[in-house]
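Asker: This is a predicted model, with the sequence first.
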Amino acid sequence: MVIKRDIKKTILLFIILTLLFISGCYDSIEVDDMAYVVSIGFDKGINGNLRMTLLFAVPVAVGVGVEIGEIGESTTIFTVEAPTIFGGMNIANTVLSKRVNFSHAKLIIISSELAREGVEKYINAFIRFREFRPHMYLGISRGSAGEFLKNTKTILEVNPAKHFELLFESYEYTGLLPNSRLEDFYTKMECTCDQPVAALLDVSRLEDTNDLQADLSAAKTTDRDIVMEGDYKAGEIPVVFDTKINSMGMAVFKADRMVGELNGRETLLYLIVTGNLVNAVYSLPDPEKKTSASGIFQDKTEKINYISIRLSQARKPFITVKMKQDIPSISLHVSLEGDILSVDSDTDYSTGEELAQLEEYMSGYLEKDILEFMEKTRDVFNSDICATGKSIKKTFLLWDDWINFRWMDKYEKSEFQVYAKVSIRRSGITIKQIPVQHLKGEAK
Amino acid sequence: MKPKIKIGNFEAACLLLNMLASKIILDFPRTVAEDAGSAGWLMVFLVSVAVFCIFFLISRLYKRFEGNDILDIGERALGETGKAIVGLLVIVQFMVIIPIVLRQFSEDIKVISLTVTPISGIILLFCIGMITGAYLGIETLARIHALAVPVLAAAFVLILAMSVRRFDLSKITPWLGLGPGVILKKGVNNLSIYSELIVLFLVMPFLHKQSDYSGIGRYGIVLSGLFFVLSSISYLLIFQYPMATEFFLPMYQLARSITIGRFLTRIEAGFILIWASSAFLYLSSGLYFVTRLFQKSFGLNARKPLIIPFAILIFTLSMVPENLYSTLQIEMSVYRKYAWMITLLLPLIILIIASIRAGGKKKKEGMEWS
């Protein structure tokens, strides 16, 4: 009897152990049987096709590291034309020796040419297919997406996936890109009170420093007649670097269609208004407007002094919408705090009256910038990218009433009131600034 | 003869909680969004309050019949025929929902993990688990529930906690969603989300302290109600209506969206194991109750020989729906429409009849004595 029981137990144990070890055998795929896509680019193809450019990671090169001069070997490019995304994937599977896998893909790039025709069908495909992760980054290339990927050189980071992650996460300390994730884009695309945006990408045409002049001249100037560090879009940035790819600014969408572009500075304002600002360096002309140092990028006869502040969010922005007859009156209250990073002039803004003067000046400066930015979203794009409609949506009780209200149509008539408050909290690791000329006289 | 098997209050509460709340892993948050729009969570809250009140009424009536299960009450109310009818009705309820849940869980696993494995193979694997659980019996099942449910609850709370930073209050507006009329109308059908409450009326004879049934039921309803409301409100706070109606597996979608730094970005992989455990427990308990009901309804001596035939029947029924959508449709348009009647109305009716009959009998006995 005891022996019989022992046999039973042994058989049961054997079955359990077998189940543990054979689970997953049926549909198992070895890790090295797959080709891992790091980024996918979509362009308009020939005869209505989709041109798909796949940037694959070369695991051997990524895994063991590379020698100097072999840096480009961590990725390889594959371009295919097909009517659909998965048709393209199928072709890739027949050509490559490995099965294409998107589960480690970090970035989707869509050319602006395609984006202007509408991206809904592509976004739906990404959301439906489980290999595409919701937190993948989404970028819109001003030129060809394929060209963007071909020009990608992972110089400072050998892992291509990490390279893209770091590139897109830089918004947290520059504010010149939006947080452009696939799921956020989809959520905003399907929202009745918000519109999607995506990071703007392009390839730089600058070969050496001689080309900088042309780029700077072409840069957008504000009515302030100065060009600040964020007043560029991807592809126009005055940089000369071994890798030609650029990311700055954002593509603005209305539903699923791209309707325009915003530069880096406007993207920073977008982050401020939507409450997504983490940290950003913000430069502005000195209120004193003294002339002593040369401007950052200008070569003007009148030299301008600048102040650089690191901005962060003090409180989430507060947005209220009131309907005056059929016109929405939108009030925006933003509250920021800043740390002084540098002051070109001799004025010490660290304490006292000067500090209050700087805060007031900066608040007014930002108010004007934000107002211009909001008016641009209304007049140029007619797209509520800052989701101001959320505020009025909260006043509705029934879904049908909200839909019949047609907020998106009302946005184009909106009026804005902007209230910005900037509090300077710190001045770096110095508490005062003693100008050299006070010590050594005008002649220094 | 009273059964020797005994289960504790905590074990019974865990059993009830898993039976009720396992649908959160499936499609529950999505279906409530489909029914009431942005006010799906409100509808669930109202339904939970209504079920709590109905259960309070049932438990008051049950007081007289402590230690009896729903079949015994049926017998007291309407004799042997009543017992068989009640048994058959509850069996039908289980035989509708178990194949649906089995198919849904299997489809979930196929969609998110075993993509090329045939669906029949996955269902078969679940059936092996069900059969094993049903063979081991209620005592073992209840104890495993007591071990697994706290872990499952913690995993659920963890998903929600890690999703909090993505909550946006404007997404659950307009506050009344598709309107009070729709909430009330669909709310009646949604009483069926508590259909597994019938389990409490079946484990009654096994409880250590039979007078505690009311407390177990109350805790079960309150906790599952809390989980229902939390899951639906969290889902809607992240995925606004009507987008919330698009995802096949809402909780999986929530878990997929969670990232912790750059390294922990696929935490849903860990939850698949936990979800599969919940499914195994639900299905095993379901098969156990079906066989027990059949045995008791028809006065059979043994329960275990019924397990394999019922497992084959459940396997076959789960393969009947043509596709995943048909399975979901059966649940939404058939099961939810009627299940609440068996869970909430049937006990109420037979308890009233049994109470009247018991009262009449007592009166008669009293008159005879005097």
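Answerer: That came in fine, so what should we check first? Residues are numbered from 1 along each chain as shown, chains lettered A, B, ... in the order given.

Asker: from memory residue A:195 sits against residue A:383, does it?
Answerer: Yes. Between residue A:195 and residue A:383 there is a contact under Cβ atoms under 8 Å: 4.4 Å. The way it works is simple: take the backbone N, C-alpha and C, and place the C-beta from them, glycine included.

Asker: can you pull the pLDDT of the residue in the stretch 201-350 of chain B that chain A sits nearest to?
Answerer: With Cβ to the nearest Cβ as the measure, residue B:243 is the residue of the stretch 201-350 of chain B nearest to chain A, at 4.3 Å. The model reports residue B:243 with a pLDDT of 95.

Asker: tell me, how many neighbours does it end up with?
Answerer: Burial measure for residue B:243: 19 neighbouring residues, criterion other Cβ atoms under 10 Å in any protein chain shown.

Asker: isn't it right next to residue A:188, touching?
Answerer: No. With contact defined as Cβ under 8 Å, residue B:243 and residue A:188 do not form a contacting pair (10.1 Å).

Asker: Pull the contacting residues for the closest residue to the residue of the stretch 201-350 of chain B closest to chain A other than its chain neighbours.
Answerer: Leaving out its chain neighbours, the residue that sits closest to residue B:243 by Cβ to Cβ, 6 or more residues apart in numbering or on different chains is residue A:190, at 4.3 Å. Each residue near residue A:190 by Cβ atoms under 8 Å, 6 or more residues apart in numbering or on different chains is listed here: B:240, B:242-243.

Asker: what sits up against the longest helix anywhere in chain A?
Answerer: Assignment by DSSP state H gives helix A:352-376 as the longest helix of chain A. Under the contact criterion Cβ under 8 Å, 6+ apart, helix A:352-376 has outside partners A:262, A:265-266, A:269-270, A:272-273, A:284, A:287, A:307, A:309, A:330, A:332, A:334, A:336, A:338, A:340, A:347-349, A:386, A:416, A:418-424.

Asker: Chain neighbours aside, what residue packs nearest to residue A:45?
Answerer: Residue A:45's closest residue in space is residue A:51 (Cβ to Cβ, 6+ apart), at 3.9 Å.

Asker: ok, now residue B:19?
Answerer: Leaving aside its chain neighbours, residue B:19 sits nearest to residue B:196 (3.8 Å; criterion: Cβ to Cβ, 6+ apart).

Asker: tell me the phi and psi of residue A:382?
Answerer: The phi and psi values for residue A:382, taken as degrees, to the nearest 10, are phi 50, psi 50.

Asker: The one 4 residues further on too?
Answerer: Summarising the backbone geometry of residue A:386 under the convention degrees, to the nearest 10, its torsions are phi -90, psi 10.

Asker: pLDDT averaged over the longest helix of chain A, what's the number?
Answerer: Taken as a whole, helix A:352-376 carries a mean pLDDT of 93.

Asker: Could you pull out the buried residues of that helix?
Answerer: For helix A:352-376, the neighbour count (16 or more other Cβ atoms under 10 Å in any protein chain shown) marks A:355, A:358-359, A:361-363, A:365-367, A:369-371, A:373-374 as buried.

Asker: Relative to chain B, which of the residues you listed is nearest.
Answerer: Checking those against chain B with Cβ to the nearest Cβ, the nearest one is residue A:374 at 18.6 Å.

Asker: Pull up the gap between that closest one and residue A:388, please.
Answerer: Separation of residue A:374 from residue A:388 (Cβ to Cβ, to the nearest Å) stands at 8 Å.

Asker: Residues that sit against both of the two, list them.
Answerer: Common contact partners of residue A:374 and residue A:388 (Cβ under 8 Å, 6+ apart): A:330, A:332.

Asker: thinking again about what came up before, shared neighbours of residue A:195 and residue A:383, which are they?
Answerer: When contacts are counted by Cβ under 8 Å, 6+ apart, residue A:195 and residue A:383 are jointly contacted by A:252-254.

Asker: roughly how far apart are residue A:357 and residue A:365?
Answerer: Taking Cβ to Cβ, one finds residue A:357 at 12 Å from residue A:365.

Asker: try residue B:236
Answerer: For residue B:236 relative to residue A:365 (Cβ to Cβ), the value is 40 Å.

Asker: Could you find the closest non-adjacent residue to residue A:154?
Answerer: residue A:163 (4.3 Å).

Asker: tell me what the helix or strand where that neighbour lies is packed against?
Answerer: Assigned by DSSP states H and E, residue A:163 belongs to helix A:160-169. Applying 3 or more Cβ pairs under 8 Å, 6 or more residues apart in numbering or on different chains; DSSP states H and E, one finds that helix A:160-169 contacts strand A:34-44, strand A:50-57, strand A:137-141.

Asker: now the angle from the second one to strand A:34-44?
Answerer: Okay, so that is strand A:50-57. 150 degrees (axes from the mean of the first three to the mean of the last three Cα atoms, to 10 degrees).

Asker: ok so, going back, so who does the residue nearest to residue A:154 touch?
Answerer: By Cβ under 8 Å, 6+ apart, residue A:163 lies in contact with A:152, A:154, A:156-157.

Asker: got a list of contacts for stretch A:121-131?
Answerer: By Cβ under 8 Å, 6+ apart, the list of residues contacting stretch A:121-131 from outside reads A:42, A:84-86, A:101-103, A:105, A:108, A:110, A:114, A:132, A:134, A:136, A:182-183, A:185-186, A:189, A:256, B:111-112, B:115.

Asker: ok, now stretch A:421-430?
Answerer: Against stretch A:421-430 from outside (Cβ under 8 Å, 6+ apart): A:309, A:311, A:314, A:333-341, A:349-350, A:355, A:358-359, A:362-363, A:366.

Asker: For those, which PyMOL command selects only the ones that are buried?
Answerer: Here is the PyMOL command that picks out the buried ones among those, judged by 16+ other Cβ under 10 Å:
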select buried, chain A and resi 309+311+334+335+336+337+338+339+340+349+350+355+358+359+362+363+366
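
Asker: Restricted to helices, list the contacts of stretch A:421-430.
Answerer: Among the contacts of stretch A:421-430, the residues falling in helices (DSSP H) are A:355, A:358-359, A:362-363, A:366.

Asker: can you put those in CSV and add distance to residue A:440?
Answerer: Output for those, formatted as CSV (distance: Cβ to Cβ, whole Å):
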residue, distance to residue A:440
A:355, 26
A:358, 26
A:359, 31
A:362, 31
A:363, 35
A:366, 36
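
Asker: Understood, closing this out.
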